[in-house]
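**Student:** Need a 3D model of the following:
(chains A, B, C and D)
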There are 2 protein chains.
Amino acid sequence: MSPTQGGQSGPSVTERVLGILSAFGPGAESLTLSGIARTAGLPLSTAHRLVGELAAWGALERGEDGRYRIGLRLWEVGALAPRSLGLRERAMPYLEDLYEATRQNVQLAVRDGHEVVYVERLAHPEAVRVFSRVGGRMPLNATGVGQVLLAFAPPAVQEEVLAGPLPALTPRTITDSGDLRRTLAAVRREGVAVCDGMVDLLSLSVAAPVRGEDERVVASLSVVVPSAGAEPRMIVPAVRAAARGISRALGAPSARRRPAGVVTPLPTAPADASP
Amino acid sequence: MSPTQGGQSGPSVTERVLGILSAFGPGAESLTLSGIARTAGLPLSTAHRLVGELAAWGALERGEDGRYRIGLRLWEVGALAPRSLGLRERAMPYLEDLYEATRQNVQLAVRDGHEVVYVERLAHPEAVRVFSRVGGRMPLNATGVGQVLLAFAPPAVQEEVLAGPLPALTPRTITDSGDLRRTLAAVRREGVAVCDGMVDLLSLSVAAPVRGEDERVVASLSVVVPSAGAEPRMIVPAVRAAARGISRALGAPSARRRPAGVVTPLPTAPADASP
DNA sequence: ATCGAGCTTCCGGTGACCGGAAGGAGCCAC
DNA sequence: GTGGCTCCTTCCGGTCACCGGAAGCTCGAT
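**Tutor:** Here you go, the predicted model:
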């Protein structure tokens, strides 16, 4: 299938170039040429040539220290990703409000495969430290946003995750697939996930689903507060309201504005846990 | 110098791949395969192969409509760009405050070559419409952030821009190099740029410089308000204060916190307009 | 039905790419 | 000073991955 898997031939040029980009990551924002070559598994001279072309275009930048970093031009192109830009633009005002109201951490995330990817994050400098970062990944089972995204994911994805290993970040992380299945059902029922001490024993997160125009859950929104003395009851309505606001901004019919006081039932989950 | 400039040979594989990424841009967030091939100047079958590899890696995503978009994975890598992530992370709290105080548009931008690139933007849904967008570019002479970034850029860059054509976005855009030179001197003297109706006749922006640990101006911050009835005197101090806060967060010595009431002079500009 | 636009697959010739090797620059330890 | 390290840069000939024309496919529109 891949143009280069036939027999003993090496990776294609494209794969090598992408491999160079992959060498960068959280904790490896700047690399030397040899570091790139080592990480990407390329001979030094090959890496030199390819990196030179990438830098000429602006995908990489070379600092005064001679180290390479991701270039502004690549960031610019990446910013065109619909799941980043389109979502962010419309969600920001609501994230703002939620941030302003809580002065804690507010996060917006989407699902990519079996992981959560954080798309936006507002953090008060004095709020609880949080492990996530914009552009970072986390397992689906261990985070509030992850549980929401998983609960409303296609059944096939749910089963794959439930069948696979469930990594534990703390002793309180859900790692039993039966427990997780029950939790997901609860999330679908309640429309929120409350995750206490699963990423980090000191923090608690409250997450809610964001729906797109076809009613599918396209993102999840959460607030992270200190676990000690947290009162989720105070936060849940605010998170739900913000998530609904974003869904409306994205055109989700179920989140249409309606006369105050009239309560419409939440749409039923696309599919239940049992496929 | 380039590995492929010798004689009549075509662009290298790397250049072709980057050309494919370049095909995407503001107003072209989603493209068909043939559209990509046309824009990038590649034969269809070549584009097909390369795009396939990019999609397999996650640099591109193929929608249900068969069109290609920038993939989340590329966004993720791009998010590692130091001028985006590092800057944003530290600047956000201050942008927040400024946004909260003005409920208008707040922007953070850096210079790349002879253009401004917007790195972050907070926009109130009911605020003045603004042309800029995250990841977008604008000419240096026509925007508040641009004038600030140009005023504190290396003299060589200033001269290049002053020598080159100065695009006009409105009749009020500065297009005379003498005028621009005087404006830049004023910006250096005042530490702020006030730009009325230069991007768009209805809006006014107030911008201030953000300095890094080596005192160099690394970014610029602005607030955009409706031109009609705007009172810049009210906004200038807030913008200056936020810019100074970010500079401090980035480690700029001149922005160190000091006993209230003691005024330290702003550092002199790295170089005056006349080189 | 007929057309056209867009997509996918196939395959043989060839020239772009590969990477070993040599050499230079900077740094630290001895 | 001098040896040994790491990192970077440049060169060049053989070979194999890449290129792209062509044929066929799937749509939807006329």
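
**Student:** As a check, name the ranges of all helices in chain A.
**Tutor:** A:13-22, A:33-40, A:44-57, A:72-78, A:85-102, A:144-151, A:155-163, A:177-190, A:232-250 (DSSP state H).

**Student:** Tell me how far the residue nearest to A:A55 when sequence neighbours are not counted lies from DNA strand D.
**Tutor:** Of all residues not flanking A:A55 in the chain, A:R62 sits nearest, at 5.6 Å (CB to CB, 6 or more residues apart in numbering or on different chains). Using the backbone N, CA and C atoms, a C-beta is placed for each residue, glycine as well. Counting by CB to the nearest atom of the strand, to the nearest Å, the gap from A:R62 to DNA strand D is 8 Å.

**Student:** residues touching the closest residue to chain B within chain A, list them.
**Tutor:** Nearest residue of chain A to chain B: A:G78, at 2.7 Å (CB to the nearest CB). Counting by CB atoms under 8 Å, 6 or more residues apart in numbering or on different chains, A:G78 touches A:84, B:70, B:74-79.

**Student:** Look up how far DNA strand D lies from it.
**Tutor:** In terms of CB to the nearest atom of the strand, A:G78 sits 23 Å off from DNA strand D.

**Student:** Over to A:T102?
**Tutor:** 44 Å.

**Student:** What's the local residue count around the nearest residue to that residue once chain neighbours are set aside?
**Tutor:** Closest residue to A:T102 apart from its sequence neighbours, by CB to CB, 6+ apart: A:V223 at 5.6 Å. By the measure other CB atoms under 10 Å in any protein chain shown, the count of residues near A:V223 is 27.

**Student:** and A:V223, how far is that from A:T183?
**Tutor:** To A:T183, A:V223 is 19 Å away according to CB to CB, to the nearest Å.

**Student:** One more: A:R16?
**Tutor:** 42 Å.

**Student:** what's the pLDDT at the closest residue to A:R244 other than its chain neighbours?
**Tutor:** Nearest non-adjacent residue to A:R244, counting by CB to CB, 6+ apart: A:A255, 4.9 Å away. For A:A255, the pLDDT comes out at 80.

**Student:** now A:I235
**Tutor:** So A:I235 comes in at 90 (pLDDT).

**Student:** who touches the nearest residue to it once chain neighbours are set aside in this structure?
**Tutor:** Counting by CB to CB, 6+ apart, A:I235 lies nearest to A:V206, which is 4.8 Å off, once chain neighbours are set aside. Listed by CB under 8 Å, 6+ apart, the contact set of A:V206 reads A:144, A:192-195, A:222-223, A:225, A:232, A:235-236, A:239.

**Student:** neighbour-wise, which of those leads?
**Tutor:** Result: A:S222 is most packed of the contacts of A:V206 (other CB under 10 Å), 32 neighbours.

**Student:** For the closest residue to that residue other than its chain neighbours, list each beta-bridge partner.
**Tutor:** Among residues not flanking A:S222 along the chain, A:A207 sits closest, at 3.7 Å (CB to CB, 6+ apart). Judged by DSSP bridges, the bridge partners of A:A207 are A:A193, A:S222.

**Student:** does A:A207 really touch A:V236, like I thought?
**Tutor:** No - assessed by CB atoms under 8 Å, A:A207 is found out of contact with A:V236, at 10.0 Å.

**Student:** Need the residues touching each of those two.
**Tutor:** Joint contacts of A:A207 and A:V236 (CB under 8 Å, 6+ apart) are A:192, A:194.

**Student:** Dead centre of chain A: give me the residue that sits there.
**Tutor:** A:V117 (1.8 Å; CA atoms, centre = their mean).

**Student:** residues in contact with the residue nearest to A:S222?
**Tutor:** Counted by CB under 8 Å, 6+ apart, A:A207 has contacts A:143-145, A:147-148, A:192-195, A:220-222, A:239.

**Student:** Can you check the pLDDT for it?
**Tutor:** 96.

**Student:** A:R233 and A:R172, how far apart?
**Tutor:** 20 Å.

**Student:** Neighbour count: these two, which is higher?
**Tutor:** A:R172 (16 against 9).

**Student:** Nearest spatial neighbour of the more buried one, chain-adjacent residues omitted?
**Tutor:** A:G197 (4.3 Å).

**Student:** any idea how far A:E231 is from that neighbour?
**Tutor:** Relative to A:E231, and taking CB to CB, A:G197 is found at 15 Å.

**Student:** got the contact list for A:D65?
**Tutor:** Counted by CB under 8 Å, 6+ apart, A:D65 has contacts A:S30.

**Student:** let's see 10 Å
**Tutor:** Contact analysis of A:D65 by CB atoms under 10 Å, 6 or more residues apart in numbering or on different chains lists A:30, A:32.

**Student:** And the pLDDT for it?
**Tutor:** 86.

**Student:** which stretches of the stretch 51-200 of chain A aren't confidently modelled?
**Tutor:** Scanning the stretch 51-200 of chain A for pLDDT under 70 picks out no residues.

**Student:** List the residues that contact whichever residue of it sits closest to DNA strand D.
**Tutor:** Closest approach between the stretch 51-200 of chain A and DNA strand D, counting by CB to the nearest atom of the strand: A:G66, at 5.0 Å. Shown in contact with A:G66 (CB under 10 Å, 6+ apart): A:30, A:32-33.

**Student:** Return the members of these classed as buried.
**Tutor:** Buried members of the contacts of A:G66, scored by 16 or more other CB atoms under 10 Å in any protein chain shown, are A:30, A:33.

**Student:** contacts with DNA strand D among the contacts of A:G66, please.
**Tutor:** A:32-33 (CB under 7 Å from any atom of the strand).

**Student:** Would you convert the contacts of A:G66 into a markdown table that also reports pLDDT?
**Tutor:** Shown next, in a markdown table, are the contacts of A:G66 (pLDDT from 0 to 100):
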| residue | pLDDT |
| --- | --- |
| A:S30 | 91 |
| A:T32 | 91 |
| A:L33 | 90 |
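
**Student:** which one of the contacts of A:G66 sits closest to DNA strand C?
**Tutor:** A:L33 (10.7 Å).

**Student:** From what I see, that closest one and A:H48 are in contact.
**Tutor:** Yes - here A:L33 reaches A:H48: they are 6.2 Å apart, a contact under CB atoms under 10 Å.

**Student:** Output the set of residues of the stretch 51-200 of chain A in proximity to DNA strand D.
**Tutor:** A:66-67.

**Student:** which parts of the stretch 51-200 of chain A sit against DNA strand C?
**Tutor:** Counting by CB under 7 Å from any atom of the strand, the stretch 51-200 of chain A has no residue next to DNA strand C.

**Student:** So which of A:G197 and A:E231 has more stuff around it?
**Tutor:** A:G197 (16 against 9).

**Student:** show me the contacts for that one.
**Tutor:** A:169-173, A:203-205, A:227.

**Student:** Repeat that for A:E120.
**Tutor:** A:84, A:87-88, A:91-92, A:95, A:106-109, A:134, A:219, A:221.

**Student:** show me what contacts A:D214?
**Tutor:** Residues near A:D214 by CB under 10 Å, 6+ apart: A:250-253.

**Student:** Tell me the one among those nearest to DNA strand D.
**Tutor:** Closest approach to DNA strand D among the contacts of A:D214 (CB to the nearest atom of the strand): A:G251, at 22.9 Å.

**Student:** so the closest one touches A:G212, yeah?
**Tutor:** Yes - A:G251 is within contact range of A:G212, at 7.1 Å (criterion: CB under 10 Å).

**Student:** Go ahead and confirm A:V187 touches A:N141.
**Tutor:** No - at 11.8 Å, A:V187 does not count as touching A:N141 under the criterion of CB under 10 Å.
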